[in-house]
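Student: here is a sequence together with a model predicted from it:
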Amino acid sequence: MGLGYKFEELGFKLTIIATLVAAEAKPGCESKCGNVSIPYPFGAGNGCNINNNFFIRCNKTFNPPKAFLSTTDIEVLYISLDGYLRVQNWVGYDCYSSSGRGSYFETWIAHSPFPISNTRNKFTAIGCDTYAFVAGSKGPASPTACVTFCNNLTHAINGSCSGLGCCQAAIPKGMRSYKLSFDSFWKHSKVLNFNPCSYGFVVEDGAYNFSVLHLSDTNFSKRKFPIILDWAIGNQSCAEAGMNPQNYACKRNSICINGENGNGYWCKCPDGFQGNPYLSHGCQGK
């Protein structure tokens, strides 16, 4: 039993070591901003990132410091070398009282250097008299809409977003920025006593679980939810980038993978290797 515990402990330590190696920053550069690790090709200092799109602005006026993507106000929660970022955004809302619309907020992501993942996110709307739509200012021009109704709270089901109190829709491929807007057929007048607001947000798939209580929760507008962005190096495919070894981002022993949500590529250590595939020492055997 004691021996088994030692093996488990050793495995745990090896997992941590592998994670730290994979999250390695460029030598001489900050490896963290607050609670966020910053692996190369991202970087928070001069010469620490592969290009301007991968610059992490570390705002140390917060405690702990917060990381932001490039020159945007997009807060970064996590950076994965598997070609994605977890970022954070506000909930949009459209609220009413007996005298009409009381407050309205269109949430958005603007000027993102990377596309919003169409496979890892869901556009979500909550309400009993709600029409919400998300449209991109770049990429797909057609908006994605979500319509949800309910006459009373008993019609909505916890955990279900099938259109009764909550609905979800897919995000179009290639969208780099979006604005979420609302409308209401009866201005919530028929459901005002239990649902004064419509809410909408893009959220990482699986990160939100609908509750009937959210329909009457006027503090729901203060929430933030995680969103996944897909990142890639440059605008070339692996084959095209590999023809220019001097600027090719995939280093020793690594493999190249074409981006699936737009142009560009990213690099990965193959099975049996670990490390940061973008650094000069590349992937190393385990």
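Tutor: Structure received.
Student: quick one, helices of the protein?
Tutor: Taking DSSP state H, the helices of the chain run over residues 2-22, 238-241.
Student: weakest of those helices by average pLDDT?
Tutor: The stretch with the lowest mean pLDDT among those is helix 2-22, at a mean of 39.
Student: distance from the chain centre to stretch 149-165, please.
Tutor: Remark: stretch 149-165 is offset 26 Å from the chain centroid, using C-alpha atoms, centre = their mean, to the nearest Å.
Student: what comes into contact with that stretch?
Tutor: When contacts are taken as C-beta atoms under 8 Å, 6 or more residues apart in numbering, the neighbours of stretch 149-165 outside the stretch itself are 124, 126-130, 147-148, 166-168, 190-191, 194-195, 209-212, 215-216. No exception for glycine: its C-beta is placed from N, CA and C like everyone else's.
Student: give the buried subset of these as a PyMOL selection command.
Tutor: Filtering the contacts of stretch 149-165 down to the buried ones (16 or more other C-beta atoms under 10 Å) takes a single PyMOL command:
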select buried, resi 124+126+127+128+129+130+147+148+166+167+168+191+195+210+212+215
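Student: not counting sequence-adjacent ones, nearest residue to residue 286?
Tutor: Across the structure, with C-beta to C-beta, 6 or more residues apart in numbering as the measure, the residue nearest residue 286 apart from its sequence neighbours is residue 274 (5.5 Å).
Student: buried stuff in stretch 262-276?
Tutor: Along stretch 262-276, these residues count as buried under the neighbour rule (16+ other C-beta under 10 Å): 262, 264-269, 273-276.
Student: my bad, should have said stretch 128-137
Tutor: 128-136.
Student: just stretch 39-52 next, same as before
Tutor: Taking 16+ other C-beta under 10 Å as the neighbour-count basis, stretch 39-52 is seen to contain the buried residues 39-44, 48-50.
Student: for the nearest residue in space to residue 50 that is not next to it in sequence, give its distance to residue 87.
Tutor: Nearest in space to residue 50, with sequence neighbours left out and distances taken as C-beta to C-beta, 6+ apart, is residue 41 at 3.6 Å. Between residue 41 and residue 87 the computed distance is 17 Å (C-beta to C-beta, to the nearest Å).
Student: ok, residue 249 next?
Tutor: Plainly put, residue 249 is 22 Å away from residue 87 if you go by C-beta to C-beta.
Student: returning to what we had before: quickly name whichever of the buried residues of stretch 128-137 is closest to residue 97.
Tutor: When these are compared for distance to residue 97 (C-beta to C-beta), residue 129 wins out at 14.0 Å.
Student: ok, that closest one touching residue 198?
Tutor: Yes: counting by C-beta atoms under 8 Å, residue 129 sits close enough to residue 198 to count as a contact (7.3 Å).
Student: list residues touching both of the two?
Tutor: 184, 188.
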